[in-house]
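Chemist: Provided below are the primary sequence and the corresponding predicted coordinates.
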Amino acid sequence: MDKPVLYTVIFDGNDSVVIAGISYTSPSSIDKMETGYKQILITNKNTLLDIQQAFSNYYPFLKIEFIQIEKSTSSLKNIKIDPATSLIQKLASKEYFLFDINEERQVAEVANELNNRLGMIAQMFRKSGTVWSLISLTDNWTLKSQNDAGKFISAEMSLPVK
């Protein structure tokens with residue numbers, strides 16, 4: 001059985017490609033993109049957890065969760081999708097895409113791209129101390145701004161009260 005392939009691709013400005021994250025083999029081709037872009041190569045052999053882990057490697061104060069909406073007779077209910085869920089049903093066998101996680105992208109853009117590409121609702125959360133808060137009112141902030149805010153809030157909450 002093939003092992004999953006997940007690459008985080010960073011162009012370092014010296015025409016070199018740095019591939020980090022979870023990787024077992026190299027992709028057959030990666031198109032050159034602009035310097036400084038962070039991207040995750042997603043294939044049908046990945047799970048949602050693979051995407052979450054690769055994303056969190058770059059943004060430790062942010063996380064992605066995937067949900068589905070279940071309709072009952074009287075209400076709508078958000079149900080978290082198991083992170084072990086494979087993308088085999090969502091992407092064709094040869095299909096892959098580069099998921100752009102450049103720090104200047106807005107949170108709403110990133111969530112919408114995942115929604116459109118995978119057909120699942122992606123929600124973004126920011127760490128605030130020991131609590132993960134759903135990003136909604138500030139989803140127009142960049143990934144960098146959100147991650148920096150989470151880092152600042154978490155550091156402030158860990159200070160002893162005087």
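Modeler: Okay, I see it. Numbers count the residues shown, from 1 in each chain.
Chemist: what sits against the residue found closest to Leu62 once you drop the neighbours it is linked to in the chain?
Modeler: In this structure, Leu62 finds its nearest non-sequential neighbour in Asn147, 5.3 Å apart by C-beta to C-beta, 6 or more residues apart in numbering. C-beta: built from backbone N, CA, C; applies to glycine. The contact partners of Asn147, taken as C-beta atoms under 8 Å, 6 or more residues apart in numbering, are Tyr59, Pro60, Phe61, Leu62, Glu103, Arg126.
Chemist: just checking, Asn147 is part of a strand?
Modeler: No: assessed with DSSP: H, G, I helix; E, B strand; the rest coil, Asn147 is helix; it does not lie in a strand.
Chemist: Between the contacts of Asn147, which has the least confident prediction?
Modeler: For the contacts of Asn147, the weakest pLDDT value sits at Glu103, with 93.
Chemist: show me the contacts for it.
Modeler: Neighbouring residues of Glu103 by C-beta under 8 Å, 6+ apart: Lys38, Tyr58, Thr142, Leu143, Lys144, Asn147.
Chemist: Equivalent analysis for Ile64, please.
Modeler: By C-beta under 8 Å, 6+ apart, the contact list for Ile64 reads Ile51, Gln52, Phe55, Val110, Ala111, Leu114, Ala122, Gln123, Met124, Phe125.
Chemist: and it, what are its bridge partners?
Modeler: Ile64 forms beta bridges with Met124, as assigned by DSSP bridges.
Chemist: tell me which element the spatially most central residue of the chain falls in.
Modeler: Geometric centre of the chain, nearest residue: Phe55, 4.1 Å, by C-alpha atoms, centre = their mean. Counting by DSSP states H and E, the element that carries Phe55 is helix 48-58.
Chemist: what about the helices in the chain?
Modeler: Along the chain, the stretches classed as helices by DSSP state H are 48-58, 107-118, 143-157.
Chemist: If we go by neighbour counts, what in the shortest one is buried?
Modeler: Using 16 or more other C-beta atoms under 10 Å as the test for burial, helix 48-58 gives Leu48, Leu49, Asp50, Ile51, Gln53, Ala54, Phe55, Tyr58.
Chemist: count of residues packed around Met157?
Modeler: Using other C-beta atoms under 10 Å, Met157 has 12 neighbouring residues.
Chemist: in the chain, which ranges drop under the pLDDT threshold?
Modeler: Residue ranges of the chain with pLDDT under 70: 1-37, 92-94, 159-162.
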